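# give me coordinates for this.
(2 chains)
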Number of protein chains: 2
Amino acid sequence: MSENAAGILSAVEDLHGGVRVELKEPIDSQEFATLLSASLSQWRLQEKKGVWIKLPIKLANLVEAAVKEGFRYHHAEPDYLMLVKWIPETADTLPANASHRVGIGAFVMNDNREVLVVQEKCGKFKGSGVWKYPTGVINEGEDISAAAIREVKEETGIDTEFVEVLAFRQSHQSFFSKSDLFFVCILKPQSFDIQKQIVEIEEAKWMPVEEYAAQPFIQKHELFNLVAKICLAKSDSDYSGFTPWATTTASGKTSSLYFNHQYLNSILTSDN
Amino acid sequence: MSENAAGILSAVEDLHGGVRVELKEPIDSQEFATLLSASLSQWRLQEKKGVWIKLPIKLANLVEAAVKEGFRYHHAEPDYLMLVKWIPETADTLPANASHRVGIGAFVMNDNREVLVVQEKCGKFKGSGVWKYPTGVINEGEDISAAAIREVKEETGIDTEFVEVLAFRQSHQSFFSKSDLFFVCILKPQSFDIQKQIVEIEEAKWMPVEEYAAQPFIQKHELFNLVAKICLAKSDSDYSGFTPWATTTASGKTSSLYFNHQYLNSILTSDN
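This next block holds a predicted model:
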């Protein structure tokens, strides 16, 4: 029970003058409504700002009571719903929800200037005859580079080493009201024997990069055409994309900074 | 009412063998439970796959009934909750929710190699004396380049022209369980008279880029240090980041492809 002796919901303070309540055990919705109302009175007196309530899906019976007290939805994951209420009269400075889905596309190019291409069993390219590079959506908490390596392995059985991000695309309204970031990556194969995935992939093969770029569908659509030309530029010249550099943030978390490593030596040895 | 003559919820078919229900008008939760149960029986006979139910927040009384029928949460926005249920015995291929928040940082550099820096009234740098470049979170549906221009204008009153993305950082577990993508941008000022934002910004000024990079906090933290050096490399040399190129996707939506434009001419004039 998130209830303390005084008939108030247990809450922890956050760093922004607000409180967080995480309910875990079943509670009657009427009892919850009473507790929530008393708690809000107290938090108002204490001049709290944002109030967060995390409700596991098994406590779906409490959603209505929270909404009746003026809470709105903040975000939801499969197993919980986060509600929030801004108490002060001032403008709400609550952070927004996640706004983007992130996908990757993976050009795997071998030393013969062939790229690894697939035909999919479903999706918009089904039955079109278009050979495309492996693509997919990043899993929760997954690095761009790890997602590219994983998707190639899943779809074709090929092991790869990540090289760099060649380009990225931002688009909007791609999925409900959310935006989309799609990273076009280039990788080096570490194995060559294709073992295609049965469920999603119809065919997989190595194809000369010029032949990939010359496909009528690719030529016809500016975005695909541009990406194919960037891939050609990478194979022909010293086109530089962004390479990841593992680093640690001020708060101690590891993250990756992607940038143009052509200047890496001068960047790493500069005095400032 | 999303109810048709046969006591079944009105639904539209989606492109993936599933159906979507969007409830708009108030309905008693018991009546909804009956309709939903009958509808699920029909959809099962019709071999439907994913069933989506969009519930506006004013219909929070219906959440519990949907959860009791085996629906889980998919995502939520302030004014609605999306629930989903996968009917077949096969593995669920429902798309994931948005996974990333997207932020920008904006180096605005003038012809005297000075960058536009601010001190914030709140947040982790409050009272630290650190001069930082303007940063912020992308609004729903906003382009990276537009967000950088907007944040600079809001915080300092300076008009700018977007130049390029110098680098980007991906980090995880930054906000609830979500990941974070942060794009470091460089912009050119179009005006020079600073008018700082009252609520969030303590001070704003132009500072020589070497002085910015030499700040002890920046030197001490690898990520800040690396970004400062990339900015210096941009001002000193021909460091190439990614520049946006407005394009149209196969489905007709406009989007921006960011890539290294150093090779733009050869890319745009190549035959393939």
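# domain-wise, how is chain A divided?
What the TED database lists as the domains of chain A is A:11-86, A:100-239.
# do you know which of these lies nearest B:Ile138?
Proximity to B:Ile138 (Cβ to Cβ) singles out domain A:100-239 among those, at 7.9 Å. Where you see a C-beta, it was placed from the backbone N, CA and C, and this is true even at glycine.
# A:Tyr258 - how many residues pack around it?
Using other Cβ atoms under 10 Å in any protein chain shown, A:Tyr258 is surrounded by 25 other residues.
# over to A:Gly123?
12.
# please identify the helix or strand for it.
Under DSSP states H and E, no helix or strand contains A:Gly123.
# for it, give me phi and psi.
As for A:Gly123, its main-chain torsions (degrees, to the nearest 10) stand at phi 90, psi -180.
# one more: the one 5 residues further on?
In terms of degrees, to the nearest 10, the main-chain angles of A:Ser128 are phi -80, psi -20.
# what distance separates stretch A:12-29 from the centre of its chain?
The chain centre lies 26 Å from the centre of stretch A:12-29; the measure is Cα atoms, centre = their mean, to the nearest Å.
# quick revisit: closest to B:Ser145 out of the domains of chain A?
That would be domain A:100-239 among these, by Cβ to Cβ, at 9.0 Å.
# what's in contact with the host helix or strand of A:Val117?
Applying DSSP H and E as the criterion places A:Val117 in strand A:114-120. If you take Cβ atoms under 8 Å, 6 or more residues apart in numbering or on different chains as the criterion, strand A:114-120 is touched by A:106-110, A:125-126, A:129-134, A:152, A:155-156, A:158, A:189, A:194, A:196, A:200-209, A:212, A:231.
# contact partners for the residue lying closest to A:Ala60 once chain neighbours are set aside?
Among residues not flanking A:Ala60 along the chain, B:Val67 sits closest, at 4.0 Å (Cβ to Cβ, 6 or more residues apart in numbering or on different chains). Going by Cβ under 8 Å, 6+ apart, B:Val67 touches A:57, A:60, B:83.
# beta-bridge partners for the nearest residue to A:Met109 once chain neighbours are set aside, please?
Leaving out its chain neighbours, the residue that sits closest to A:Met109 by Cβ to Cβ, 6+ apart is A:Val115, at 5.2 Å. Beta-bridge pairing of A:Val115 under DSSP bridges involves A:Met109, A:Met207.
# let's verify A:Thr34: helix, strand, or coil?
Three-state assignment for A:Thr34 (DSSP: H, G, I helix; E, B strand; the rest coil): helix.
# how far away is it from chain B?
Noted for A:Thr34: a distance of 18 Å to chain B, by Cβ to the nearest Cβ, to the nearest Å.
# now do A:Gln219
8 Å.
# so the residue nearest to that residue when sequence neighbours are not counted is in which element?
Spatial nearest neighbour of A:Gln219, chain neighbours left out: A:Asn225 (5.8 Å); criterion: Cβ to Cβ, 6+ apart. Element membership of A:Asn225, judged by DSSP H and E, is helix A:222-236.
# helices and strands around that helix, which ones?
Identification of packing neighbours for helix A:222-236 by 3 or more Cβ pairs under 8 Å, 6 or more residues apart in numbering or on different chains; DSSP states H and E yields strand A:100-108, strand A:160-175, strand A:178-189, helix A:209-214, helix A:216-220, strand B:243-248, strand B:254-259, helix B:264-269.
# possible to save the ones you listed as JSON lines with mean pLDDT and distance to B:Ala91?
Below are these laid out as JSON lines (pLDDT from 0 to 100; distance: least, Cβ to Cβ, whole Å):
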{"stretch": "strand A:100-108", "mean pLDDT": "95", "distance to B:Ala91": "20"}
{"stretch": "strand A:160-175", "mean pLDDT": "91", "distance to B:Ala91": "20"}
{"stretch": "strand A:178-189", "mean pLDDT": "94", "distance to B:Ala91": "23"}
{"stretch": "helix A:209-214", "mean pLDDT": "95", "distance to B:Ala91": "31"}
{"stretch": "helix A:216-220", "mean pLDDT": "92", "distance to B:Ala91": "29"}
{"stretch": "strand B:243-248", "mean pLDDT": "89", "distance to B:Ala91": "34"}
{"stretch": "strand B:254-259", "mean pLDDT": "91", "distance to B:Ala91": "31"}
{"stretch": "helix B:264-269", "mean pLDDT": "74", "distance to B:Ala91": "40"}
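# nearest to A:Ile87, out of those?
strand A:178-189 (28.5 Å).
# tell me the angle of the closest one relative to strand B:160-175?
If you take axes from the mean of the first three to the mean of the last three Cα atoms, to 10 degrees, strand A:178-189 sits at 80 degrees to strand B:160-175.
# each with direction, which strands does strand A:178-189 pair with?
When DSSP bridges is applied, strand A:178-189 pairs with strand A:100-108 (parallel), strand A:160-175 (antiparallel).
# list the buried residues for stretch A:40-48?
Residues of stretch A:40-48 classed as buried by neighbour count (16 or more other Cβ atoms under 10 Å in any protein chain shown): A:40, A:43, A:48.
# send me it as CSV with only the CA atoms.
Output of stretch A:40-48 as CSV, limited to C-alpha atoms (Å, rounded to 0.1, in the frame of the first residue of the first chain):
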residue,chain,number,x,y,z
LEU,A,40,-3.7,16.7,-3.0
SER,A,41,-4.8,19.1,-0.2
GLN,A,42,-1.6,18.5,1.6
TRP,A,43,0.6,18.8,-1.4
ARG,A,44,-1.1,22.1,-2.3
LEU,A,45,-0.4,23.4,1.2
GLN,A,46,3.2,22.3,0.8
GLU,A,47,3.4,24.2,-2.6
LYS,A,48,4.3,21.1,-4.5
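# how far off centre is it?
Centroid displacement of stretch A:40-48 relative to its chain, using Cα atoms, centre = their mean, is 36 Å.
# what's in contact with that stretch?
With contact meaning Cβ under 8 Å, 6+ apart, stretch A:40-48 is reached by A:8, A:11, A:17-19, A:51, A:69, A:85, A:87-88.
# same check on stretch A:49-57?
If you take Cβ under 8 Å, 6+ apart as the criterion, stretch A:49-57 is touched by A:11, A:14, A:16-24, A:40, A:43, A:62-63, A:66, A:71, A:74, A:78-88, A:92-94, B:67, B:72-73.
# what bridges to the residue minimising distance to the centre of chain A?
The centroid of chain A falls nearest to A:Val102 when counting by Cα atoms, centre = their mean (4.2 Å). Beta-bridge partners for A:Val102, by DSSP bridges, are A:Leu181.
# next one: A:Met82
On the basis of DSSP bridges, A:Met82 is bridged to A:Lys54, A:His75.
# show me the contacts for it.
A:52-55, A:73-76, B:76, B:176.
# how confident was the prediction at it?
For A:Met82, the pLDDT comes out at 96.
# roughly how far does it sit from A:Ile53?
To A:Ile53, A:Met82 is 7 Å away according to Cβ to Cβ, to the nearest Å.
# same check on A:Thr93?
18 Å.
# where does the stretch 1-150 of chain A come near chain B, residue by residue?
In this structure, the stretch 1-150 of chain A approaches chain B at residues A:57, A:60-61, A:63-64, A:66-68, A:72-82, A:95-102, A:124, A:137-141, A:143-144, judged by Cβ under 8 Å from any Cβ of the partner chain.
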